[in-house]
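Asks: coords please:
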Amino acid sequence: MRLVLWDIDHTLIATRGLGRHIFGVCFERVTGQRMEVQAAVDGMTEPVIFRETARLHGIASDRAMFEEFARCSAQEHRLRAAELREHGHALPGAAAALAAVAELKDVVQTVVTGNVRPVAEVKLGAFGLGARIRFECGGYGEDDDERAELVRIAIRRTGEALDVPVAAEDVLLVGDTPADVAAALDNGLRVLAVSSGRSSAADLHAAGAAKVITGLEDLAPLLGLLGQGA
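Replies: As a prediction, this is how the structure comes out:
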C-alpha cells in the first residue's frame, strides 16, 4: 500500500487572506483582544500559531483556550465556505493531481496539515478537492504541535484504517515549506516540494528536498515518484 500525504495551504489551495481574517476574528473572540500581529504561519501547526500570536500580545494561553479557538475557527470556516470559494482558489493542477493519484492502484491519499480537521475538510471541500482524501487517516493541528509527529500519526492511522502495514519507503509527502520537507526527512520519507507558496525553490532545496517543482500542472514528477513512468 502506497500513501500520499498532502499539505493543504499553498500546496493545494490558497485562501488569499481569508484564513488570516478568520484567525483574527476567532483570536479576538477567545482572548478579548484585537489581533494586531500574527505569528509566522508557514509550516506551523495551528496550536503553535495561536500560542505564539497570543504571546506576541502578552497573553499566556493554555490548551483550553486553543480548543475554544479551534471550535470558533471551524464554525467560521463553515459559515464562510461560499466566501472562501469566492476569494480563494484551488492551485493550478491540484484537482488533476488528486484525480491522477486516485486512479492508481493501491494508493491512498490523505493530508498532513497544521489546520484542525474540520477546517481542513471545509477548505478542500470548498474547492471540490475533498472527495479523494481519506480524512480519517490524516494528521491535524489538534493532534500535535510538531509536523513530524503529524506525519507519524497519519501513517499509523492509515495502517489502522486499512489493516495493512505502511512502510516509510511507500510514503510520499507533498508540501510547500521547509517544515514539510523536514517532517518528511525526519521520518525517512520521500518528499515532493512545490514552490507554490512563500518558500522559494532554493529554500526547499536547502531544506533537503531532492525534488522541487514550481507547481502541480505537470503530473510527471508526482507520478514518477509513485512509480508511474518517468
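
Asks: need the helices for the chain, in chain order.
Replies: In chain order, the chain shows helices spanning 18-31, 46-56, 63-79, 81-87, 94-102, 117-126, 147-162, 178-186, 201-206, 220-225, with DSSP state H as the criterion.

Asks: Can I get the ones you listed in TSV including mean pLDDT and distance to Ser195?
Replies: Placement of C-beta: from N, CA and C, glycine included. Formatted as TSV, the entries for the helices of the chain read as follows, by pLDDT from 0 to 100; distance: least, CB to CB, whole Å:
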stretch	mean pLDDT	distance to Ser195
helix 18-31	96	20
helix 46-56	97	22
helix 63-79	97	26
helix 81-87	94	23
helix 94-102	98	15
helix 117-126	98	20
helix 147-162	97	18
helix 178-186	97	11
helix 201-206	97	4
helix 220-225	96	12
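
Asks: okay, these in TSV with distance to Arg132 and mean neighbour count next?
Replies: Compiled in TSV, the helices of the chain are given as follows (distance: least, CB to CB, whole Å; neighbours: other CB atoms under 10 Å):
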stretch	distance to Arg132	mean neighbour count
helix 18-31	22	18
helix 46-56	23	20
helix 63-79	20	18
helix 81-87	18	15
helix 94-102	4	19
helix 117-126	9	22
helix 147-162	14	19
helix 178-186	20	22
helix 201-206	25	16
helix 220-225	14	16
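
Asks: Same list (those helices) but as TSV, adding distance to Ile8.
Replies: Compiled in TSV, the helices of the chain are given as follows (distance: least, CB to CB, whole Å):
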stretch	distance to Ile8
helix 18-31	10
helix 46-56	12
helix 63-79	12
helix 81-87	12
helix 94-102	10
helix 117-126	6
helix 147-162	12
helix 178-186	11
helix 201-206	17
helix 220-225	16
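
Asks: I'd like to know which of those helices lies nearest to Leu3.
Replies: Among these, the nearest to Leu3 by CB to CB is helix 147-162 (5.5 Å).

Asks: name the helices or strands packed onto the closest one?
Replies: Packed against helix 147-162 by the contact rule (3 or more CB pairs under 8 Å, 6 or more residues apart in numbering; DSSP states H and E) you find strand 2-6, strand 107-111, helix 178-186.
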